[in-house]
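# what's the 3D shape of this:
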Amino acid sequence: MERKFAVILGNLGNTRDRFCNGYKESPETLDMLRRAAAIPDVTGVELVGSWDIRADNAGQMRSALSDLGLQCVSIIPDLFADPCYGKGSYSSAEAAVRRRAIDYTRTMCDIARDLGCPLINLWPGQDGYDYLLCADYDRERGWMCEAVAELAEAYPDLKFALEYKPKEPRTHCYLARMADTLLLAQETGRMNVGVTIDTGHAFVAGETVAEAIVLAKRAGGRLFHMHFNDNYTTTDDDMIVGTVHTVAYLETVYWLDRCGYDGWLSMDQYPYREDAAGAIGESIQWLQQFLTLVEHNRSEIAALIEKQDPVATSRFLRSVLLDRGLAEHRMQGSLQTA
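A predicted model of the protein is given here:
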């Protein structure tokens with residue numbers, strides 16, 4: 001699997017929550033680009049529409065990306081922070097809001113073409129509901145499907161990746177899990193509509209990420225993009241990759257490789273208190289290690305899956321994650337004292 005690493009640009013900026021209005025400084029966009037370019041192995045960035053990229057700064061952004069040797073790998077339209085979408089964007093009960101969301105996304109698509117960006121990452125986080133008997137699930141899902149289909153038909157040269165998340169900011173999001181997201185993608189009738197797996201969102205949804213990868217493959221190769229982070233499964237903590245779900249991440253990387261995923265490996269973290277570049281860099285190094293483990297043990301992992309013996313699998317995991325690492329650590333210590 002090709003090792004192409006990217007980062008969502010805003011992850012290098014200020015961080016805030018409902019308790020603190022800002023844990024860090026608010027750097028300029030160009031400064032964040034320079035910080036991204038300085039992270040080892042990062043060659044791509046994702047830009048959030050209206051935050052990082054607009055029609056009036058697209059030319060400047062194109063030049064800056066070129067100067068820094070970075071590629072814009074996706075644009076994420078802001079369908080979640082603008083108050084006008086507080087009760088939904090593509091699924092809003094108000095036709096004027098739905099139209100505004102579609103037209104705004106078309107502007108982002110035009111900018112993507114201008115930047116040579118191949119993918120629009122759609123996370124309609126406000127599209128869902130909070131209370132029972134307060135949503136028309138049928139009509140609203142239909143409106144969302146119509147909007148995505150219209151965009152995909154208008155821009156056949158772009159990929160539209162639907163990013164799912166079970167909750168937040170709504171208590172229930174319409175794109176909640178891989179299965180219902182694949183259903184909507186298929187209902188559009190467009191093969192340039194697929195899915196983004198955010199590993200943290202999948203953990204919160206109770207999914208096994210590797211299984212979700214296979215579902216997207218079996219649905220016609222609809223896994224278009226990957227976002228990486230980690231959490232404790234109750235909320236979208238956006239932690240360093242592998243610090244909680246170590247074994248799950250090894251399996252995830254194995255199935256990405258086995259299913260022929262050729263897209264970007266993009267970091268989607270929100271390092272509230274950590275050094276942002278350091279945390280993102282650590283995530284990339286974890287993924288590099290997982291990739292190397294898979295490359296060196298691909299046939300052995302395949303044989304373990306075929307054998308379906310949990311004891312043998314545990315023995316293998318202990319060997320590659322602990323025994324070999326301890327041996328290498330001891331060897332390094334011996335070299336240093338020699």
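# Please enumerate the strands of this protein.
If DSSP state E is used as the criterion, the strands of the chain fall at 5-8, 42-48, 71-76, 119-122, 128-129, 159-163, 172-173, 193-198, 223-228, 265-267.
# Tell me which of those sits nearest to residue 315.
Taking CB to CB as the measure, those were each checked against residue 315, and strand 223-228 came out nearest at 27.5 Å. For the C-beta atoms, the positions are set from N, CA and C on the backbone; glycine is no exception.
# circling back to that earlier point, turn the strands of the chain into JSON lines, columns for mean neighbour count.
As requested, the strands of the chain are exported to JSON lines (neighbours: other CB atoms under 10 Å):
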{"stretch": "strand 5-8", "mean neighbour count": "26"}
{"stretch": "strand 42-48", "mean neighbour count": "23"}
{"stretch": "strand 71-76", "mean neighbour count": "24"}
{"stretch": "strand 119-122", "mean neighbour count": "26"}
{"stretch": "strand 128-129", "mean neighbour count": "22"}
{"stretch": "strand 159-163", "mean neighbour count": "24"}
{"stretch": "strand 172-173", "mean neighbour count": "19"}
{"stretch": "strand 193-198", "mean neighbour count": "26"}
{"stretch": "strand 223-228", "mean neighbour count": "26"}
{"stretch": "strand 265-267", "mean neighbour count": "26"}
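# Pipe these into CSV and attach distance to residue 287 and mean pLDDT per row.
Compiled in CSV, these are given as follows (distance: least, CB to CB, whole Å; pLDDT from 0 to 100):
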stretch, distance to residue 287, mean pLDDT
strand 5-8, 7, 98
strand 42-48, 12, 98
strand 71-76, 16, 98
strand 119-122, 19, 99
strand 128-129, 30, 98
strand 159-163, 19, 99
strand 172-173, 26, 98
strand 193-198, 14, 99
strand 223-228, 7, 98
strand 265-267, 6, 98
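# Save those strands as TSV, and put in distance to residue 153 too.
Supplementary listing: these in TSV, determined by distance: least, CB to CB, whole Å:
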stretch	distance to residue 153
strand 5-8	27
strand 42-48	24
strand 71-76	18
strand 119-122	13
strand 128-129	25
strand 159-163	10
strand 172-173	24
strand 193-198	10
strand 223-228	17
strand 265-267	26
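# Ok, which of those comes nearest residue 146?
Using CB to CB, these put strand 193-198 closest to residue 146, at 12.2 Å.
# Partner strands of the closest one and their direction?
strand 159-163 (parallel), strand 223-228 (parallel) (DSSP bridges).
# Would you convert those into a markdown table that also reports distance to residue 180?
Supplementary listing: the strands paired with strand 193-198 in a markdown table, determined by distance: least, CB to CB, whole Å:
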| stretch | distance to residue 180 |
| --- | --- |
| strand 159-163 | 10 |
| strand 223-228 | 16 |
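# which one of these lies closest to residue 25?
The nearest among these, by CB to CB, is strand 223-228 at 24.3 Å.
# Could the C-alpha coordinates of that closest one be exported in PDB?
Included here for strand 223-228 are C-alpha records, laid out as PDB according to Å, rounded to 0.1, in the frame of the first residue of the first chain:
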ATOM      1  CA  LEU A 223     -13.800   3.600   0.200                       C
ATOM      2  CA  PHE A 224     -12.500   6.900  -1.100                       C
ATOM      3  CA  HIS A 225     -10.700   8.400   1.900                       C
ATOM      4  CA  MET A 226      -9.400   7.600   5.400                       C
ATOM      5  CA  HIS A 227      -9.200   9.800   8.500                       C
ATOM      6  CA  PHE A 228      -7.100   8.500  11.400                       C
END
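# List the residues that contact the residue most central in space within the chain.
The C-alpha lying nearest the average C-alpha coordinate of the chain belongs to residue 227 (CA atoms, centre = their mean; 2.1 Å). For residue 227, the contact set (CB atoms under 8 Å, 6 or more residues apart in numbering) comprises 8, 163, 196-201, 266-268.
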